[in-house]
Structure formats: structure tokens, C-alpha cells
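A.B. asks: Just the structure for this:
(one chain, ligands or ions: 2)
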Amino acid sequence: MQQQTLPPGIERILITAEEIAEANRRMAEAIARDHTGESLVLIGVLKGAVFATADLARALAETPGAPSDVQLDFIAVSSYGNAHRSSGEVRLIQDTTHAIEGRHVVIVEDIIDNGHTLHYLRAMLRNRRPASLRAAVLLDKPYHRVVDVTVDYTGLTCPDEFVVGYGLDYQERYRTLPYLAKLRPEVLPV
Ligand code: PRP
Ligand code: 7HP
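C.D. replies: Ligands and ions are numbered 1, 2, ... in the order given. Predicted structure coming up:
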């Protein structure tokens, strides 16, 4: 097999684009089972979950027994800023555009790490009284969880590394890589 040339700063690929696509398909099947015939709102968490939300929505459209109708909305929060460690303080940067009262909602996240972001979002959106509220997370990184939070649909377990690609960044870089990768240690501060 031909060796792939990796961008500067990337040490190696941890999870391939094919593995990501398969995980999205599995999550779509589970969401379809829980929401057959229902009208569903997917709320993607920007910026990290931009690709996960788009790909999960399309996988859902191709899944038998899918919801009757899937609408997309987005919310933007940040707790990492430019760092590779969370501040623990989640900031709402941009709210959704539509009301969710009485709607079936699935939050779509790229990654759960310490859990603060999803915990904050679940509490905030629960207050808006949706008919149901679930969370789909592509990558579960369970090693440094600080708050206990329910994840209803999990794609893959993430290695205990700072990963980039497929929406995940370090200092706003590497988001557009089609795979998930480990950064070279010299790129990260100690
Ligand atoms: C990242 C990621 C998740 C969150 C998870 O977002 O996209 O939303 O951190 O981390 P936690 O479970 O430790 O709270 P970030 O705050 O970096 O913003 P971004 O999505 O704009 O990159
Ligand atoms: C947030 C985050 N962003 C990018 N890569 C990781 O491994 C991360 N964990 N939590």
C-alpha cells in the first residue's frame, strides 16, 4: 500500500474516514429506531460538529425507518478557546434559530471529553421543554470526565490523545482533515 503523506504537525492517523463513516451509519440506525415516523431536530454543536452533523443527517436520510422529517439547527459554544485543555467554563457564542418546545431533539457533538460542554447544553436545552432530548457523540474520550452526562448514541471510543481532524481543531487548524489524527507532541505545549 502506498504511504500517505501527512500534513505538517500530524504524527499519524488514528481513525480513518471509512471508520468515521461506518460509525455515523451505526448512530443513524440507532437514532432511526428511536425516532421512526417522528419529526426530528438535529442540533449540531459548532464548530467541531459541523462535519459530524452533516454526515449523520445524510446517513439518517439513507436509513430505513428514518424519522418522517429531519430539520437542522446549530448552536455554537466554546470551552477550549485556543488551548488544548478545557477552561471548564462553557460560553454560548450563538444560539439556535428555532424554538424546540414540544420537538424531538438530538444534540450532535463531535467529541465528549471532560463533559462540561454537553452537560451545559443538555441543561440549557432541557429548560426549553422539548418532547425528547438525546445526544449523539461521534467520539467518546472517557479518560478525563469531570461531569457525569448521558450520551445516548456513541460512535467510537477516542484514544487518550489530543485528536484533530473531521471538525476538531487545535488553534483553529486541522478541522478540514477527513480523518482523525494525533498531533506531533512538539506542536502541543507541555
Ligand atoms: C470542543 C468539542 C466539544 C467540546 C468537548 O469544542 O467540539 O464541543 O470541546 O469538550 P468537553 O467535553 O471537554 O467539554 P471547543 O470548545 O473546542 O469549540 P469548537 O467546537 O469551536 O472547536
Ligand atoms: C476537546 C478537543 N478538541 C480537539 N481534540 C481533542 O482531543 C479534544 N478533547 N476535547
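
A.B. asks: which one is the residue of the chain found nearest ligand 1 nearest to, not counting chain neighbours?
C.D. replies: Ligand 1 sits closest to Gly48 of the chain, with a gap of 2.5 Å, by CB to the nearest ligand atom. Where C-beta positions appear, they are placed from N, C-alpha and C, glycine not excepted. Leaving aside its sequence neighbours, Gly48 sits nearest to Asp110 (CB to CB, 6 or more residues apart in numbering; 4.0 Å).

A.B. asks: how about whichever helix or strand that neighbour is part of: buried residues?
C.D. replies: Secondary structure from DSSP states H and E places Asp110 in strand 104-112. Counting neighbours by 16 or more other CB atoms under 10 Å, one finds that the buried residues in strand 104-112 are His104, Val105, Val106, Ile107, Val108, Glu109, Asp110, Ile111, Ile112.

A.B. asks: Out of the residues you listed, which comes closest to Met124?
C.D. replies: Nearest to Met124 out of those is Ile107 (CB to CB; 10.2 Å).

A.B. asks: Show me the shaky parts of the protein.
C.D. replies: 1-2, 81-82 (pLDDT under 70).

A.B. asks: for ligand 1, what are the nearby residues on it?
C.D. replies: Taking CB under 6 Å from any ligand atom as the measure of proximity, the chain contacts ligand 1 at 45, 47-48, 78-80, 86, 109-118, 169.

A.B. asks: ok so, going back, helices or strands up against the strand holding Asp110?
C.D. replies: Judged by 3 or more CB pairs under 8 Å, 6 or more residues apart in numbering; DSSP states H and E, strand 104-112 is in contact with strand 39-46, helix 50-61, helix 116-126, strand 132-140.

A.B. asks: For the ones you listed, give me TSV that also has mean neighbour count.
C.D. replies: Shown next, in TSV, are those (neighbours: other CB atoms under 10 Å):
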stretch	mean neighbour count
strand 39-46	22
helix 50-61	20
helix 116-126	18
strand 132-140	22
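
A.B. asks: can you list those in CSV and add distance to Asp152?
C.D. replies: Listed next are the helices and strands packed on strand 104-112 as CSV, based on distance: least, CB to CB, whole Å:
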stretch, distance to Asp152
strand 39-46, 13
helix 50-61, 13
helix 116-126, 10
strand 132-140, 4
